[in-house]
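In: this is a predicted model, with the sequence first.
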Amino acid sequence: MDYTVTASPPQGVELILTDTLYMVYKLSSPKIHLPREGSAAGLMVDSNARLVEPPAQGVGETGSAEQAVPFQFTVTWTSVFDPFETPKAAAAAVALINDRVRTMITAPTETLLQPPAGSLDRKTTGDEPVFKGQKSASDSSFQWEMVVPKMVRSAPKPARASEISAPSSRSRPVFHERPVSAPSSSSEGLRAQSHAIAPSTAAEQPIPKFCSLSPSFLSRVRQASLGTKLLLTAAALAGLAVPIWQHFGSTRQAAPQIQTATKTGGWVREPVTKLDAGFNHTRELIVYRPSLKATDCRFEFNWRLDTPSVGWVFRAKDTANYYAMRIKLLKPGPSPTLSVEHFAVYRGTEGAHSEKVLVLSRNDPVLHIRMEIAGPSFTLYIGETAADYWTDTKLAVGGLGFFQEWHQGSDVEWVRMSFAAGTEIQRDGLRLYTYAPSGGD
Amino acid sequence: MSSAAVANTIRNQVEAALSLRSAGRLQEALDVLTTPGEYTSDFYTMRGEIQFALGRFQEAAGSYFTVVASEPDNTFAQYHLAICLHHLSRWVEAAQTFQRVLDSDPHRDSARLGLGTCLLHLNRVEEALANFDCCWSDASRWRALFGKAVALQLLGRWNEAEAAYDRLLLSDPKSAEVLSNLIAMSIETHDLEAAKRFSMRLLDVFPRSTIALRGLATVALERQEYEDAVRYCGQVVELAPDCVEAWRNLRFATGRVIALQTRETSTTAGRK
């Protein structure tokens, strides 16, 4: 490195430096070559160097003014709270303005709060990152996006070996409970230990076709070939209706019944293990086991607004890999206000939450929630209206279910799952599972 | 104008603003949202969003204030109001607003982190620590642990703070802020070896880090390695000409080097 000092002393420092050695020098050598008496030849100075010799003084006669002053080191915590954090998974916003559901807040909050480009510069020269704050309006580079989903289902992508187990086994999908090893303080250890369930077989990736009999669907059927009709018929037969009344209330109240239900077939409750000290173990997944190999599917249920929130998961490979959505009732009343939140948990790491607020135009005691899961595209419908749409490619296969946190229960009634034709669904799971309401009811 | 007409006008304004905002025309979108004759939360929320996006935090706070004044349970507006106040460094008000969000939604870690940072600014470190401890989600784990480490450091619980920082570095070995805080802590505890180690590490990540250079300069000065001190202080004044300490220490260290050289010269001459 070859430095040439071009800096000037700051304002107010000039006076301090008048009696000192103020020089322009090169730091090409870690050692300063000092001049011989009366000569500057030995000092590595620039041609325009100005060497200001200090007043003549003997060795050690530095005086009280020549004391080292401590540098100021400050403790900072700017990384703790970053309202401008960029969401890891881009979420498209949906504009909803109709008589059923309307929203005025169409952009995900994280996107909304994203600063204009360049406000957080990380210089490539090796400087420390410097937060420059918001730019003014004139140079704003915000790009807002509103996407109305057209529900054009993308072509299925082949299952990735990294995400699913080896295929070809026809055996019944089983949750394997991995032994939980001793807690570790490292984050790697955390991730490694946070898995508990995994399907033993992989699902195929058929052409996603659902058994919904919409007019457009029927018209397509009429035009389709015999083979296609057969395929669609198979898809229709694969439709799975599981009307249940499930109340997964507090763990203490409802857990025995859920466990019983698990034994009789279907639902598995798994805590999301967090071994990191200082963090609470608050989330549990309730996964419908026969759906573990599902790829493209539809998940519907009715949520009673008596409870503050309902959360569900899909593409749940295990407790460390799943997509989750949650609807919270922010404000009850004649026009209930809901927040819709989605996030991904991948390899044990929970991604950014994307949240938006919806205001319903009327107060229904029960909301029909429908989730369309097609390839990397996920669309949420509340009633018949698209309420959220997002994409993510990390997980291709996985089960459906619910999650709850902090032992907060949700009243879910009437669950239905429809799977794409060819999805391997465990047949035992097709029977009805009727749960008695929990002890609290 | 009838109330229905007013409502219709406002709705049209909001929709027009939405369209403009979607096209990235924020200022025009804001211009559309002139003061309505009748309150609607959508209107003010939208206005707050756009003002926030334009960096007009004071005005955005005003818009969100309007919403929460009539809808105290509107956590969306409360949260964004809190962010605005945080951005305006109004720590007391921001902390109160974050707390109101948490009263409605105790599991919202982002609000808890915001509250924690406000409490750190207010020197209510114990409370901040408790808040960071309450964070639960994986998404906020790193940041909550960082907040916790800072709180522990500010409380003088060095060992716990160091352990927390170590865990942070495991997941993000190049975190400049963690390394900077570790340098500060090492200097404060007079652990020169650690200060040097963390400074070198930070310098590896950011070769022009003035914090790392100041750390190295401090170590060199403490160890009376004045030639090194001259080198590091010289780099600091190059990178941060406003650093008064660096100038003074450069002068001091250079003086020491000259003095030592002079002493050596005179000793050698005396022997001859």
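Out: Perfect, I can see it now.
In: return the distance of the residue in the stretch 201-350 of chain A that chain B sits nearest to relative to A:Ile286.
Out: In the stretch 201-350 of chain A, the residue that lies nearest chain B is A:Glu350 (3.3 Å; C-beta to the nearest C-beta). All C-beta spots, glycine's among them, are computed from the backbone N, C-alpha and C. Separation of A:Glu350 from A:Ile286 (C-beta to C-beta, to the nearest Å): 18 Å.
In: which one's more surrounded, these two?
Out: A:Ile286 (23 against 20; other C-beta atoms under 10 Å in any protein chain shown).
In: that one - that's part of a helix, no?
Out: No: under DSSP: H, G, I helix; E, B strand; the rest coil, A:Ile286 sits outside any helix and is assigned strand.
In: I'd say it and A:Glu405 touch.
Out: No: under the criterion of C-beta atoms under 8 Å, A:Ile286 is not in contact with A:Glu405, lying 11.8 Å apart.
In: give me the pLDDT for the residue nearest to the residue of the stretch 201-350 of chain A closest to chain B when sequence neighbours are not counted.
Out: Distance criterion C-beta to C-beta, 6 or more residues apart in numbering or on different chains; nearest residue to A:Glu350, sequence neighbours excluded, is B:Asp138 at 3.3 Å. We have a pLDDT of 76 for B:Asp138.
In: what about the helix or strand harbouring B:Gly48, near chain A?
Out: Under the criterion of DSSP states H and E, B:Gly48 resides in helix B:41-53. Yes: applying C-beta under 8 Å from any C-beta of the partner chain, one finds helix B:41-53 touching chain A at B:Asp42, B:Thr45, B:Met46, B:Glu49, B:Phe52, B:Ala53.
In: now, which of these sits nearest B:Trp247?
Out: Closest approach to B:Trp247 among those (C-beta to C-beta): B:Phe52, at 40.4 Å.
In: nearest residue to the closest one in space, please, no chain neighbours.
Out: Nearest non-adjacent residue to B:Phe52 (C-beta to C-beta, 6+ apart): B:Ala60, at 4.0 Å.
In: in the helix or strand harbouring that neighbour, what counts as buried?
Out: Taking DSSP H and E as the criterion, B:Ala60 maps to helix B:57-70. Neighbour-count burial for helix B:57-70 flags B:Phe57, B:Glu59, B:Ala60, B:Ala61, B:Gly62, B:Ser63, B:Tyr64, B:Phe65, B:Thr66, B:Val67, B:Val68 (criterion: 16 or more other C-beta atoms under 10 Å in any protein chain shown).
In: give me the mean pLDDT for that helix.
Out: Per-residue scores along helix B:57-70 average to 90.
In: that helix vs helix B:41-53, what angle?
Out: Per axes from the mean of the first three to the mean of the last three C-alpha atoms, to 10 degrees, the angle that helix B:57-70 makes with helix B:41-53 is 160 degrees.
In: what stretches of the stretch 1-150 of chain B score poorly on pLDDT?
Out: B:1-4, B:6-7, B:35-38 (pLDDT under 70).
In: run through the neighbouring helices and strands of the helix holding B:Ala60.
Out: helix B:41-53, helix B:75-87 (3 or more C-beta pairs under 8 Å, 6 or more residues apart in numbering or on different chains; DSSP states H and E).
In: to A:Thr385, which of those lies closest?
Out: helix B:41-53 (17.0 Å).
In: please consider this matter closed, and thank you.
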